[in-house]
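J.: sequence first, predicted model second:
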Amino acid sequence: MTSAAPESNAASYLLTLRSERPVGGCELSPNAFLSLKGGNLDNSGRAKLLDSKPFQYVFTWHRGPQGRICANHRCTRGHSFAPTDWSKAVTNEPHLQCNVCLHAGGDGHDATFCSSKCFKDAWREHTQVHKFMKLTSPTSCGDLESPLTPTEDDALLPVVNTPSTSNHSLHNRNTSLRYTAESIPEGWTLVSTDKEYLPSAHFSPDTAESIPEGWTLVSTDKEYLPSAEDVGCRLRVQVTAEALADGEVLAGPVAIFTDVVLQAPSAPPKRNLLAVPGAQTAGNAFRFRIISYNILAELFATKQAYPYCDSWSLSWPYRRAIILQELQQTSGDVICLQEVQADYYEAHILPFMSDLGYDGLFLQKTRDFTGSYVKVDGCATFWRRSKFTLSESYSIEFNDIARQEVSRLNLDEAEARKYMNRLSRDNVAQIVVLDASVGMENVRNNRNCMCFVNTHLYSNVTRADVKLWQTVNLLREVRQFVVARDLPVMLCGDFNSEPESAVYEFIMSGMITSARPELNHTHHAQAHSHPDNGANSSNHNNNSNGNTNGNVRILPDLHRLSHDLDLTSIMHTTLGHEPPFTNYTQRFKGTLDYIYYSPARFRVLSVAPLPEEHDLRKLSGEGLPSACYPSDHLMLCADVALVTSGNGSILNTEMGSRHSNVPSMMRAHNSTSNLTSVSSLSNTTGQYPVAGGMHRNYSSPGNLHSGMVGPSGGLLGGSARK
């Protein structure tokens with residue numbers, strides 16, 4: 001919708017409106033955009049003219065009568081409004097709309113078919129609708145025998161809409177239609193020769209005549225939250241741009257009709273726990289459920305990354321609804337989340353988890369690489385306040401460790417820049433110590449305390465050396481921390497490394513024992529590589545300083561790497577192997593997520609096996625996320641018991657001699673830790689709220705700060721998990 005702009009040399013306002021498909025319980029935020037077109041103004045001049053007259057968008061929402069998604073009355077899904085029944089993965093082809101009905105202004109419910117099969121199946125009956133329209137409205141219906149009238153042979157041609165969008169493609173027509181110059185109806189105007197066309201509006205502004213009969217006003221807010229009453233109905237949203245000063249209408253009104261409202265999404269199918277044979281514990285053993293889950297940050301959930309996913313099911317409101325249901329239904333006692341977007345942590349996840357009885361901490365990624373102008377994700381760890389009390393909490397920022405390495409290696413400015421370019425990936429790790437005891441003050445010597453580590457390592461597949469460097473430094477910091485306190489540890493997260501990788505072998509065995517092809521060309525940083533271009537040097541050298549031919553070493557010789565923490569994988573221990581995948585997309589299917597633990601101090605009672613691939617494909621097609629699964633990763637879940645009796649060691653004694661030979665490059669921070677503590681008394685800038693009244697300062701340096709956090713909630717006695 002356009003209108004003239006004052007003092008614009010013939011420039012006029014243009015108002016456009018778009019909306020996703022509505023789904024019950026998921027807020028709908030249509031995108032309205034006011035711009036200037038025409039005239040002799042450049043972009044800067046148009047921006048100044050828009051800024052000179054502040055305006056607001058005024059919305060109205062109407063709900064129409066309930067109808068069917070498919071006009072074929074024999075369609076088995078016609079009366080189903082479940083999102084999983086109407087995703088790309090299930091329908092696997094675009095919706096079809098009858099040209100004759102649309103040209104005649106017929107009801108969209110009677111003109112839309114879910115597949116070519118339904119279109120053909122209903123064709124004979126559907127032609128009766130055309131005859132009725134011809135009788136009741138011969139002018140608008142036109143000549144039913146014209147070339148525009150589809151026959152059964154032409155049934156596949158009028159493809160005008162896909163299930164992933166609202167009716168924004170209503171005016172598009174398949175170019176394979178046998179149109180001629182004579183077949184274009186009189187009064188129709190050419191609007192575009194592009195492959196895609198985005199109309200600014202499909203329908204006329206609000207007048208008594210333009211609101212269809214039976215439609216009800218439901219809201220005048222910008223956002224609308226579809227309810228159960230809206231399911232099966234279409235929505236009509238209208239927007240007008242009005243000047244703030246005097247209410248002058250600058251452009252509009254513009255209105256669109258959405259697709260049929262679908263039912264609220266539900267959590268993925270429940271996964272039965274698989275008990276570990278012979279995993280017996282004493283009746284009063286402390287049991288808890290551990291969860292690790294990469295929930296896919298909204299900033300990464302783009303159509304470019306996941307083109308096979310419907311845009312409506314890729315949106316954060318839709319995925320959030322399923323994620324929160326999953327977390328509630330699985331009822332974990334300790335939950336480690338990765339790819340938690342900072343703004344959504346505060347607005348959505350923390351309040352929800354707090355209401356469920358959890359306390360939590362969030363650590364966002366360092367911004368050295370991404371910059372402060374973009375959204376940022378991070379790690380969040382939650383614990384059930386009725387079972388645990390937080391006693392200590394620390395953070396690890398790998399960028400800080402890299403900076404200290406630059407200082408230790410005494411690199412010049414050019415080499416330091418190359419070294420940091422290679423290693424500054426902004427990845428972080430959380431360390432929390434949780435106390436499961438009651439009334440015990442000396443928590444450091446208390447066998448009821450546990451250490452949980454939550455991390456997300458670098459994802460670039462060409463930077464295996466960076467991931468191994470992060471792992472080596474993470475385990476060094478964790479070892480220093482837990483050995484001093486004699487704490488069993490659980491190491492959770494997305495390690496972006498498959499079971500065949502050097503990272504996996506190093507964690508599980510404490511050393512690198514075999515040749516690593518992925519490191520043959522990556523354990524030196526290329527002299528002139530861009531921080532994110534994936535370039536690697538194929539030159540190898542054994543210079544202990546790491547400087548030769550313009551290259552900077554980030555790892556020592558692999559045979560010199562070791563650690564002596566006794567760690568094993570929960571899934572491998574229980575199933576005898578890692579699952580075939582924890583990350584399932586169109587381009588990659590493999591295992592990247594793990595829960596490692598101290599086997600002498602924890603006993604695994606049961607695990608939740610991951611879905612079979614044929615079940616995933618049935619519900620989600622070629623990859624995740626989908627209408628059924630909200631992330632491209634799958635949740636890991638296990639029930640565990642704390643072993644408090646005996647003298648179980650958290651160290652692998654067979655690795656003791658090797659650990660004493662760890663090269664100085666890996667021991668550089670033994671005197672200065674890179675852990676950052678949390679204090680309940682902190683009152684600094686850059687904080688995020690934490691359930692239980694605590695705060696976390698993310699601008700603090702990566703050095704150890706002593707301090708203990710007092711109780712933040714009630715404690716559970718020694719009762720077992722029900």
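T.: Yep, that arrived.
J.: ok, now which ones touch the most centrally placed residue in the chain?
T.: Residue closest to the average C-alpha location in the chain (C-alpha atoms, centre = their mean): L296, at 2.2 Å. Counting by C-beta atoms under 8 Å, 6 or more residues apart in numbering, L296 touches R319, E339, P625, P630, S631, D632, H633. Bear in mind the C-beta positions are built from the backbone N, C-alpha and C, glycine included.
J.: give me the pLDDT for it.
T.: In this model, L296 is scored at 98, pLDDT.
J.: can you tell me the element S606 falls in?
T.: Secondary-structure element containing S606, defined by DSSP states H and E: strand 602-607.
J.: average pLDDT for the helix or strand following that strand?
T.: Downstream of strand 602-607, the next assigned helix or strand under DSSP H and E is helix 613-620. Averaging pLDDT along helix 613-620 yields 94.
J.: name the residues of the longest helix belonging to the chain that come out as buried.
T.: For the chain, the helix reaching the highest residue count under DSSP state H is reported as helix 464-485. Buried residues in helix 464-485, counted by 16 or more other C-beta atoms under 10 Å: 464-482, 485.
J.: so where's the stretch 201-350 of the chain shaky on pLDDT?
T.: Filtered on pLDDT under 70, the stretch 201-350 of the chain yields the residue ranges 201-210, 282.
J.: show me where it has its helices.
T.: Secondary structure of the stretch 201-350 of the chain by DSSP state H, counting those that start in this stretch: the helices cover 311-314, 316-330, 342-344, 350-355.
J.: of all these, which lies closest to R617?
T.: Counting by C-beta to C-beta, R617 lies closest to helix 311-314 out of the helices of the stretch 201-350 of the chain; the figure is 16.2 Å.
J.: centre of the chain versus that closest one, how much separation?
T.: Distance, stretch centre to chain centre, for helix 311-314: 11 Å (C-alpha atoms, centre = their mean, to the nearest Å).
J.: do the same with stretch 25-33
T.: Put simply, stretch 25-33 sits 19 Å off its chain's centre (C-alpha atoms, centre = their mean).
J.: how long is that stretch from one end to the other?
T.: Stretch 25-33 has an end-to-end distance of 25 Å (C-alpha to C-alpha, to the nearest Å).
J.: residues contacting the residue lying closest to R236 once chain neighbours are set aside?
T.: Using C-beta to C-beta, 6 or more residues apart in numbering and skipping the chain neighbours, the partner closest in space to R236 is H62 (4.2 Å). Going by C-beta under 8 Å, 6+ apart, H62 touches I211, W215, T216, L217, V218, L235, R236, V237, Q238.
J.: which one of the residues you listed sits closest to S424?
T.: Ranked by distance to S424 (C-beta to C-beta), these are led by V237 at 44.4 Å.
J.: burial measure for that closest one, as a count.
T.: Neighbour count for V237, taken as other C-beta atoms under 10 Å: 24.
J.: do you know how far it is from A264?
T.: Shown here: V237 relative to A264, a distance of 19 Å by C-beta to C-beta, to the nearest Å.
J.: again with R385
T.: 28 Å.
J.: with S562 instead?
T.: Distance of S562 to A264, given as C-beta to C-beta: 52 Å.
J.: the more surrounded of these two?
T.: With neighbours defined as other C-beta under 10 Å, S562 and A264 compare such that S562 has more, 23 against 20.
J.: most neighbours of all the contacts of H62, which one?
T.: Highest neighbour count within the contacts of H62, by other C-beta under 10 Å: L235, with 26 neighbours.
J.: got a list of what that one touches?
T.: Counting by C-beta under 8 Å, 6+ apart, L235 has contacts P22, L28, W61, H62, R63, G64, V218, Y224, P226, F257, T258, V261.
J.: redo these as CSV? Include distance to S52.
T.: CSV is the format used below for those (distance: C-beta to C-beta, whole Å):
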residue, distance to S52
P22, 35
L28, 31
W61, 30
H62, 33
R63, 37
G64, 39
V218, 35
Y224, 31
P226, 37
F257, 34
T258, 34
V261, 39
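J.: now flag whichever of these is closest to L423.
T.: L28 (42.6 Å).
J.: who does that closest one bridge with?
T.: Taking DSSP bridges as the rule, L28 bridges to Y224.
J.: residues in contact with it?
T.: Going by C-beta under 8 Å, 6+ apart, L28 touches S19, E20, P22, E223, Y224, L225, P226, L235, T258, P317.
J.: next one, pLDDT for D143 please.
T.: For D143, pLDDT reads 47.
J.: can you tell me how far the residue lying closest to V503 once chain neighbours are set aside is from F33?
T.: Nearest residue to V503, sequence neighbours excluded (C-beta to C-beta, 6+ apart): S497, at 3.7 Å. Remark: distance between S497 and F33 (C-beta to C-beta) = 43 Å.
J.: quick one: stretch 564-584 to chain centroid distance?
T.: In terms of C-alpha atoms, centre = their mean, the centre of stretch 564-584 is found 23 Å from the chain centre.
J.: quick one: mean pLDDT over it.
T.: Average pLDDT, stretch 564-584: 97.
J.: ok, and for that stretch, which residues are buried?
T.: When neighbours are counted by 16+ other C-beta under 10 Å, the buried residues of stretch 564-584 are found to be 564-572, 574, 578-579, 581-584.
J.: and of those, the nearest to D230?
T.: Nearest to D230 among the buried residues of stretch 564-584 is Y584, at 32.0 Å by C-beta to C-beta.
J.: hey, what's the closest one bridged with?
T.: Beta-bridge partners of Y584, counted by DSSP bridges, are K589.
J.: same deal with the one 10 residues further on?
T.: With DSSP bridges applied, Y594 shows beta-bridge pairing to G493.
J.: how about the contacts made by it?
T.: S292, L491, C492, G493, F495, Y504, I507, S569, I570, M571, E578, L636.
J.: count the neighbours of the second one for me.
T.: Per other C-beta under 10 Å, the neighbour tally for L491 reads 27.
J.: looking at the contacts of L296, which are in helices?
T.: Short answer: the contacts of L296 in helices (DSSP H) are R319.
J.: now, which of the contacts of L296 sits nearest S87?
T.: P625 (10.3 Å).
J.: local confidence estimate at the closest one?
T.: 98.
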